[in-house]
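# this one's sequence-less:
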């Protein structure tokens, strides 16, 4: 009697081993999480990234033109007002999305909203100062823009709510999985570069 293993049975055992290894690999690459269904978190992250993309389209600072100081100051103010409205729209959309569906989600949500509103307040203050600045010539324009540039850089350091939420490991995984978040550099919100204003 032959003791050789049946080839079909050997292939069957090999298939079972391969499937088992696949399950182990999947568990390892997902961070060994015991939570299998993270669809609510991914859906929520998708909504946040949609909101950021809706209000985060590029704003362009007007080209430097110091020949007409008052006119250029007005163009920069218009730019800053537009950026402020974008941040306001993002605030509204974030309130519509609500807190993330994870443990501690309320605290993370309040912190993210606080950071967003802090950026809005900083930008609004800088815009108001530039509007009131006494601009009559190139020299006074440069001085006003230098001060505004400092405020803009402070506001633009804010990276957006998606970046804030990524601090939570469970939410970071959800943002990584959400297709809508893939196109966001650093998952940041609306931003602007103020260096060209000086």
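Now that the structure is in, tell me what you want to look at. On a predicted model such as this, the values are computed, not experimentally measured, just so you know.
# Show me which helix or strand of the protein is least confident by mean pLDDT.
Least confident helix or strand of the chain, by mean pLDDT, DSSP states H and E, is helix 7-29 with a mean of 40.
# so after that one, what's the next helix or strand?
Later in the chain than helix 7-29, the nearest helix or strand by DSSP states H and E is helix 39-55.
# other SSEs contacting that following helix?
helix 69-97, helix 161-165, helix 169-177 (3 or more CB pairs under 8 Å, 6 or more residues apart in numbering; DSSP states H and E). All C-beta atoms are positioned from the backbone trio N, CA, C, and that covers glycine.
# repeat that for 10 Å
Packing partners of helix 39-55 (3 or more CB pairs under 10 Å, 6 or more residues apart in numbering; DSSP states H and E): helix 69-97, helix 105-132, helix 161-165, helix 169-177.
# May I see the buried residues of it?
41-42, 44-49, 51-52, 55 (16 or more other CB atoms under 10 Å).
# now stretch 141-161
Those would be 141, 144-145, 148-149, 151-152, 154-156, 158-161, for stretch 141-161 by 16+ other CB under 10 Å.
# If you average the pLDDT over that stretch, what comes out?
Averaged across stretch 141-161, pLDDT comes to 80.
# Stretch 100-111 too?
91.
# Identify the residues contacting that stretch?
35, 38-41, 43-45, 47-48, 94-95, 97-99, 112, 161, 164-165, 167-171, 174 (CB atoms under 10 Å, 6 or more residues apart in numbering).
# Quick one: mean pLDDT for stretch 172-179?
Mean predicted confidence for stretch 172-179 is 90.
# Now stretch 172-186: buried residues?
173-175, 177-178, 180-181, 184.
# try stretch 75-82
76-77, 79-80.
# Please apply the same query to stretch 101-115.
Quick answer for stretch 101-115 (16+ other CB under 10 Å): 102, 105, 108-109, 112-113, 115.
# correct me, but residue 182 touches residue 162?
No: Residue 182 sits out of contact with residue 162 when judged by CB atoms under 10 Å, with a separation of 11.6 Å.
# which residues do those two both contact?
By CB under 10 Å, 6+ apart, the residues touching both residue 182 and residue 162 are 49, 175.
# what's the angle from the host helix or strand of residue 141 to helix 105-132?
Element membership for residue 141, per DSSP H and E: helix 138-156. Relative orientation of helix 138-156 versus helix 105-132 (axes from the mean of the first three to the mean of the last three CA atoms, to 10 degrees): 180 degrees.
# tell me what helix 138-156 is packed against?
helix 69-97, helix 105-132.
# one more time with 6 Å, if that's ok
helix 105-132 (3 or more CB pairs under 6 Å, 6 or more residues apart in numbering; DSSP states H and E).
# ok and the helix it packs on relative to helix 69-97, angle-wise?
170 degrees.
# Helix 105-132 to helix 169-177, inter-axis angle?
70 degrees.
# Tell me how far the closest residue to residue 124 other than its chain neighbours lies from residue 169.
Nearest-residue entry for residue 124: residue 84, 5.8 Å, with adjacent residues in sequence omitted and distances by CB to CB, 6 or more residues apart in numbering. Distance, residue 84 to residue 169, by CB to CB, to the nearest Å: 33 Å.
# No further questions, thank you.
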